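[1] Below are the sequence and a predicted model for it; my questions follow.
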Amino acid sequence: MLEEPVLDLDDIQGNILPGFKKDSQHFLFLQIVDPEPARLWLKSLAPRLWTAREVLAAHSMWKAMRLKLGHEPDNLDFLFLNCAISAQGLKKLGVPDIEKFDDKAFKRGLEERSSSLGDPPRGSGEPGSPETWIFGAGSRRPDVLLILATDNLDWAVRVEEELITSAQQQGLQRIHVDRGRVRPGTLAGHEHFGFKDGISHPAIRGRKSIAPDDFIESRTLPEDSAFDDIYRSRFAAPGRPLVWPGHFLFGYLRQKSDEPESSRPNSEPSGPAWAVNGSFLVYRRLSQDVQRFRTFLAEASETLGQNGFDSDLTPERLGALLVGRWASGWPVMRDPNLDRGEQELGENYFTFTEATTVSLPNDPYPLNLPDPNGLICPFAAHIRKVNPRDDATDIGPKERTFQKLLLRRGITFGPEIEDKPQAERGLLFVAFQTSIVDQFEFLMNDWVNDANKPHANNGGVDPIISAARNTKISLVNGTNKFDLQIPGGWVMATGGEYMFAPGIRFFSNVL
Ligand code: N7H
């Protein structure tokens, strides 16, 4: 087993690693009007930006406090700040060597690439096409993104105003602000269709220091369990793959083709020297039409039931089949008939093609059976599309899928549908990676929007996030195959941009 690198946690921004995980996250999009004062202003932000090491320490302190008190602390809060810049912004600032990035998606920006993500084409005027976006197209493309995160909404609003006022005095102008907010009460962590999100995250390989076992992501496979050496070399925890840091951070090695346990020599992603410790940030503002989705589930489950799919098919179970998880997050693979409720142990421990065989200590629920034909979890299910786990795919054996994973850092926005039915709501999708082309865009173009990939069986496009309208997916019950018509249109792009979140030294040394 190769030694994992020490990651430069004093330079890497904290929302890449370990992620902010705060209830309020505001995304301030700015445009540079006067590059010289704007450059100085951005440079002056450096001491205020939170590093990975600081955010890790803040999370540990918060957890320690919760343990001491027996409940969440009332008076311990942090206000994290991070910054990212688009290719257009870097150009305006006169930053050298941008062309050394080989990622053409980043260099061209989201607006130009949006139709290849499945959005209606530019100029069509259809909802979801760039000219209908709130920001991110035409004259409303942002150069700079500031992300601020805290559990205290009032604090976030105050700092948001302070930052915008000072930016506007120094050569920048406000383009747009998205205020992300975790949903209230027991819905916290659930997105607006009702499903628990943020469960499955790849574990980045790497250490905090030169100590051999000082891993950033702790290894929690039970010592005395029957996981074999291969599993132990590929997974940090049950169902949680270990991914080489070069897939998320510039300056580090990537995986050797079909060997997730090994890195490939000289495989650092190509980019300018100053890109080290940075990461591409994909921002997609996705509006969700919750009423439309609910109506579809209610009507389609009834029709499918009448057509003999399963007379007891409920809207909840149909939703679970489309996502691959029940609303609680419990995987359909581990129980296709019953939502076992929210529980951390085992919620990420499942496979698709093969059965899981090693039981976790204290996990009372049945492990998953093999499902090579999509009988338990449909091939089109959202989580099977974007992470087919142990399925062989059109790109080859299961080991290659490790290289397609993303660090997701999104948050919901908008009020509850019950409180304000007419208001807008959705997901502020945020993901880090070192290749937008090979990771985010690959997932969207090649897998989400292609009925025949990653599984070559015409299973359908992703019924949750594909912008395609009036498609069909295959559901199988026993030996009977059912085609389900998917009108779609419940998730729609309303803005965004491709950005780069550099190492913090970039702000003081390069700007
Ligand atoms: Fe998805 N949803 O509610 O159905 N997503 N997603 N997503 N998503 C996931 O496993 C959702 C979107 C991924 O490793 C869960 O953490 C919605 C985009 C990936 O097993 C749920 C929207 C992309 C995973 C949702 C949306 C992805 C994932 C289960 C838009 C880009 C991890 C929670 C409004 C490629 C899969 C979890 C894995 C999980 C939903 C967007 C990707 C419930 C509503 C644009 C990689």
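    Yes, it's here.
[2] Which per-residue confidence value corresponds to residue 2?
    Note on residue 2: pLDDT of 61.
[3] any idea which residue sits dead centre in this protein?
    With the centre of the chain defined as its mean C-alpha position, the nearest residue by CA atoms, centre = their mean is residue 408, 2.3 Å away.
[4] Neighbours of the closest residue to it other than its chain neighbours, how many?
    In space, not counting the residues next to it along the chain, residue 408 is nearest to residue 431; the distance is 5.1 Å by CB to CB, 6 or more residues apart in numbering. Using the backbone N, CA and C atoms, a C-beta is placed for each residue, glycine as well. By the measure other CB atoms under 10 Å, the count of residues near residue 431 is 21.
[5] From what I see, residue 431 and residue 282 are in contact.
    Yes: using CB atoms under 8 Å, residue 431 is in contact with residue 282, at 4.7 Å.
[6] between those two, what contacts are shared?
    Among the neighbours of residue 431, those also in contact with residue 282 (CB atoms under 8 Å, 6 or more residues apart in numbering) are 406, 440.
[7] Residues of this protein that sit close to the ligand?
    Taking CB under 6 Å from any ligand atom as the test, the list of the chain residues beside the ligand reads 191, 193, 195, 197-200, 284, 286, 288, 323, 325, 382-383, 386-387, 406, 408, 426-427, 429, 440, 443-444, 464-465, 491.
[8] on that earlier part again, what residues are up against the residue nearest to residue 408?
    Contacts of residue 431 (CB under 8 Å, 6+ apart): 281, 282, 406, 407, 408, 409, 410, 439, 440.
[9] How about residue 89?
    Residue 89 makes contact with 32, 142, 143, 144, 499, according to CB under 8 Å, 6+ apart.
[10] Name the SS class of residue 472, please.
    Three-state call for residue 472 (DSSP: H, G, I helix; E, B strand; the rest coil): strand.
[11] That one: neighbour count?
    Taking other CB under 10 Å as the criterion, the count of residues near residue 472 is 17.
[12] and what of the one 5 residues further on?
    Around residue 477 there are 13 other residues, counting by other CB under 10 Å.
[13] which one is it nearest to, not counting chain neighbours?
    Nearest non-adjacent residue to residue 477, counting by CB to CB, 6+ apart: residue 309, 5.3 Å away.
[14] so that neighbour touches residue 483, yeah?
    No: contact criterion CB under 8 Å: residue 309 and residue 483 do not qualify, at 10.6 Å.
[15] intersection of neighbour lists for these two?
    residue 475.
[16] Tell me which of these two has more neighbours.
    Summary of the neighbour comparison: residue 309 and residue 483, criterion other CB under 10 Å, with residue 309 having more neighbours (22 against 12).
[17] where does residue 480 land on pLDDT?
    Model confidence at residue 480, expressed as pLDDT, equals 87.
[18] what's near enough to touch it?
    For residue 480, the residues meeting the contact criterion (CB under 8 Å, 6+ apart) are 308, 309.
[19] beta partners of it?
    Assessed by DSSP bridges, residue 480 has beta-bridge partners residue 477.
[20] What distance do you get for it to the ligand?
    Distance check for residue 480 against the ligand: by CB to the nearest ligand atom, to the nearest Å, it reads 26 Å.
[21] which element is residue 308 on?
    For residue 308, there is no helix or strand it lies in under DSSP states H and E.
[22] hmm, back to that, surely the residue nearest to residue 408 forms part of a helix?
    No: with three-state DSSP as the criterion, residue 431 is assigned strand and is not in a helix.
[23] Can you check the pLDDT for it?
    Reported pLDDT at residue 431 in the predicted model: 99.
[24] helix, strand or coil for residue 65?
    Three states are possible here, and by three-state DSSP the one that applies to residue 65 is helix.
[25] Pretty sure it sits against residue 71.
    No: contact criterion CB under 8 Å: residue 65 and residue 71 do not qualify, at 9.7 Å.
[26] More neighbours: which of these two?
    A count of neighbours by other CB under 10 Å puts residue 65 above the other of residue 65 and residue 71, at 15 against 8.
[27] who's in contact with that one?
    With contacts defined as CB under 8 Å, 6+ apart, the neighbours of residue 65 are 73, 76.
[28] one step back: state the distance from the residue nearest to residue 408 to residue 145.
    Applying CB to CB, to the nearest Å, the value for residue 431 to residue 145 is 13 Å.
[29] I'd like to know how many residues surround the residue in the stretch 1-150 of the chain that the ligand sits nearest to.
    As assessed by CB to the nearest ligand atom, the ligand sits closest to residue 117 within the stretch 1-150 of the chain, at 8.5 Å. Burial of residue 117, expressed as a neighbour count using other CB under 10 Å, amounts to 23.
[30] Surely it touches residue 443?
    No: here residue 117 lies out of contact with residue 443, judged by CB under 8 Å, at a distance of 9.7 Å.
[31] Could you count how many residues lie near the closest residue to the ligand within the stretch 351-500 of the chain?
    Across the stretch 351-500 of the chain, the shortest distance to the ligand (CB to the nearest ligand atom) belongs to residue 387, at 3.5 Å. When neighbours are counted by other CB under 10 Å, residue 387 registers 21.
[32] Likewise for residue 12?
    29.
[33] Once you drop chain neighbours, what's closest to it?
    Residue 12 sits nearest to residue 52 (CB to CB, 6+ apart), 4.2 Å away.
[34] and the one you found, what are its phi and psi?
    Main-chain torsions, residue 52, degrees, to the nearest 10: phi -60, psi -40.
[35] For it, give me its contacts.
    Applying CB under 8 Å, 6+ apart as the definition, the contact partners of residue 52 turn out to be 7, 9, 10, 12, 13, 14, 16, 17, 18.
[36] which of those residues count as buried?
    Listed as buried from those are 7, 9, 12, 13, 14, 16, 17, 18; burial here means 16 or more other CB atoms under 10 Å.
[37] can I get those residues in TSV with pLDDT and secondary structure?
    Written out in TSV, the entries for the buried ones among the contacts of residue 52 read as follows (pLDDT from 0 to 100; DSSP: H, G, I helix; E, B strand; the rest coil):
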residue	pLDDT	secondary structure
7	98	coil
9	98	coil
12	98	coil
13	98	strand
14	98	coil
16	98	coil
17	98	coil
18	98	coil
